[in-house]
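**Student:** Quick one, fold the following:
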Amino acid sequence: MSGYFEFKMRKLLSNIYNNAVKKRNINFDIGKSKIYRCSKPVISVGNLSIGGSGKTPFVITLSNIIKDLGYKPAIVGRGYKRKSKGEIIVSDGNKILTDAKSGGDEMFLLAQKLNVPVISNDLKYKGAMTAEKMFDIDCIVIDDGFQHRQLHRTLDILLIDSDTLDKPYLLPYGRLREPLESVKRADIICLVGNIESKTSEIKKFIQNKFVCKIKVVPDNPYFLNENKSSKITVDRLSETQNKIISVCGIAKPKNFSGMLKALKFNIIYKFEFEDHHNYKESNIQRIIQACKLNEINLIATTEKDAVKFNEFGNIFAENNINILIFPISIKFDDGENEFKNILKNLLGKKDG
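**Tutor:** Predicted coordinates:
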């Protein structure tokens, strides 16, 4: 009976949420809610659902493409679950000015990997305006920007993964932040993984859209506090140090453990924390205890988690425990050249 009541309650709340989202979107569509404009082109990367769909690695790929084309991007995001308030300049493009706790793990990671201005602000439109005032840039990339309609965007990129389409219901009954029909607001649709067979629900909304196919793939791992450009041979490592303990605080921990297993690592123990988990010393001591009990000196983690391990580097070193970081990246299966041409044409105009 309690399960049935919970089901009905979730459905009811989902309907209430759906009506609220539709009303909000209508207010923006008819001009009742204010939309702010930047003088520079604004490129938004987002999705329809909660949880990881590859937005952060896509922002990295997108920003690198922009840089390769000869343009200078800045990145603005919320800095989810950061310990600070208001606006934080995570990086000025030359130097990182804060830590992962204050800037947010994903924003700190973007600053670390891209060497471009990065700003955390809950009000992304304000962060975008700061970016174009403070820095010599050609465009602004908004991380997780699809729902942030207060800011006018020149290009809206929407990532759609399998989980978005498997249970296409709004929160809290499903995973969607907006109904599927919101797909029609996007300019570019990126299908993540082999999901074409599941796209019947959105086909009518994407008929006249540019659709490309991408996938999230593992990149070269590296050890904490070592040169990221130094390549580690995974095959040899999995043979010599096969047993590991995995640690992650991401939206889809099964994806991480699945990747490690595919790389032939033997996961002896898994620590799976909530997404964007802020690690405390008590967490680290539990992890170290598990390593000692299992006689393992190798921990596998994600890049998003690793940026929060730096402050505990001495503790790991004192216990002879190595942190092996597994990055992920985006690869295009189809539409890469067309995607680059769209960016080239957009940025060539250099207006918002």
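**Student:** Tell me, how many residues neighbour Ile267?
**Tutor:** 14 (other Cβ atoms under 10 Å). Yep, even glycine has a C-beta here, placed from its N, CA and C like the rest.
**Student:** swap in Lys22?
**Tutor:** 14.
**Student:** ok, it - contacts?
**Tutor:** Contact partners of Lys22, counting by Cβ atoms under 8 Å, 6 or more residues apart in numbering, are Pro179.
**Student:** how about it, phi and psi?
**Tutor:** phi -60, psi -40 (degrees, to the nearest 10).
**Student:** just Ile330 next, same as before
**Tutor:** phi -110, psi 130.
**Student:** what about the nearest residue in space to it that is not next to it in sequence, helix or strand, and which?
**Tutor:** Nearest non-adjacent residue to Ile330, counting by Cβ to Cβ, 6 or more residues apart in numbering: Thr61, 4.2 Å away. Secondary structure from DSSP states H and E places Thr61 in helix 55-68.
**Student:** State the mean pLDDT of stretch 44-56.
**Tutor:** Averaged across stretch 44-56, pLDDT comes to 92.
**Student:** Over to stretch 197-213?
**Tutor:** 91.
**Student:** what about that stretch, start to end distance?
**Tutor:** With Cα to Cα, to the nearest Å as the measure, stretch 197-213 spans 13 Å from end to end.
**Student:** just how off-centre is that stretch within its chain?
**Tutor:** For stretch 197-213, the separation from the chain centroid amounts to 22 Å (computed by Cα atoms, centre = their mean, to the nearest Å).
**Student:** Touching that stretch from outside, list them.
**Tutor:** Residues contacting stretch 197-213 (Cβ under 8 Å, 6+ apart): 160, 162, 165-166, 168, 180-181, 183-184, 186-191, 196, 332-336, 338-339, 342.
**Student:** In helices, which of the residues you listed appear?
**Tutor:** 162, 165-166, 336, 338-339, 342 (DSSP state H).
**Student:** any chance of these in a markdown table, with neighbour count and distance to Lys292 too?
**Tutor:** Formatted as a markdown table, the ones in helices among the contacts of stretch 197-213 follow (neighbours: other Cβ atoms under 10 Å; distance: Cβ to Cβ, whole Å):
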| residue | neighbour count | distance to Lys292 |
| --- | --- | --- |
| Ser162 | 14 | 38 |
| Leu165 | 20 | 44 |
| Asp166 | 12 | 40 |
| Glu336 | 15 | 46 |
| Glu338 | 13 | 53 |
| Phe339 | 20 | 48 |
| Ile342 | 17 | 53 |
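**Student:** Now flag whichever of these is closest to Gln289.
**Tutor:** Ser162 (36.2 Å; Cβ to Cβ).
**Student:** what residues are up against the closest one?
**Tutor:** Here Ser162 is in contact with 192-193, 195, 198 (criterion: Cβ under 8 Å, 6+ apart).
**Student:** repeat that for 6 Å
**Tutor:** 193, 195 (Cβ atoms under 6 Å, 6 or more residues apart in numbering).
**Student:** can you check the one 4 residues further on too?
**Tutor:** Taking Cβ under 6 Å, 6+ apart as the definition of contact, Asp166 has no neighbours.
**Student:** Now Val216: closest residue in space that isn't a chain neighbour?
**Tutor:** Gly54 (4.7 Å).
**Student:** before we move on, the earlier item: now the contacts of stretch 197-213: which count as buried?
**Tutor:** Taking 16 or more other Cβ atoms under 10 Å as the criterion, what is buried in the contacts of stretch 197-213 is 160, 165, 168, 180, 183, 186-191, 332, 335, 339, 342.
**Student:** State the pair within the residues you listed that is farthest apart.
**Tutor:** Pro168 and Ile342 (27.0 Å).
**Student:** could you check the angle helix 55-68 makes with the longest strand along the chain?
**Tutor:** For the chain, the longest strand by residue count, based on DSSP state E, is strand 210-218. Compare the direction of strand 210-218 with that of helix 55-68 by axes from the mean of the first three to the mean of the last three Cα atoms, to 10 degrees and you get 110 degrees.
**Student:** Name the residues of strand 210-218 that come out as buried.
**Tutor:** Buried-residue list, strand 210-218, by 16+ other Cβ under 10 Å: 211-214, 216.
**Student:** residue ranges of the strands in the stretch 101-250 of the chain, please?
**Tutor:** With strands called from DSSP state E, counting those that start in this stretch, the stretch 101-250 of the chain shows them at 117-120, 139-143, 155-160, 188-192, 210-218, 222-223, 243-248.
**Student:** now for the shortest one, which elements pack on it?
**Tutor:** Contact here means 3 or more Cβ pairs under 6 Å, 6 or more residues apart in numbering; DSSP states H and E; on that basis strand 222-223 packs against strand 322-326.
**Student:** before we move on, back to that, which of the buried ones among the contacts of stretch 197-213 has the weakest pLDDT?
**Tutor:** Here the lowest pLDDT out of these sits on Pro168, with 89.
**Student:** wait, what's in contact with it?
**Tutor:** Neighbours of Pro168 in contact, by Cβ under 6 Å, 6+ apart: 180, 201.
**Student:** Ok, the one 10 residues further on next?
**Tutor:** Listed by Cβ under 6 Å, 6+ apart, the contact set of Glu178 reads 21, 48.
**Student:** Starting from Arg24, give me the distance back to it.
**Tutor:** Using Cβ to Cβ, to the nearest Å, we find Glu178 at a distance of 9 Å from Arg24.
**Student:** what's the spacing between whichever strand or helix holds Ser257 and its chain's center?
**Tutor:** Secondary structure from DSSP H and E places Ser257 in helix 253-262. A distance of 17 Å separates the centroid of the chain from that of helix 253-262, by Cα atoms, centre = their mean.
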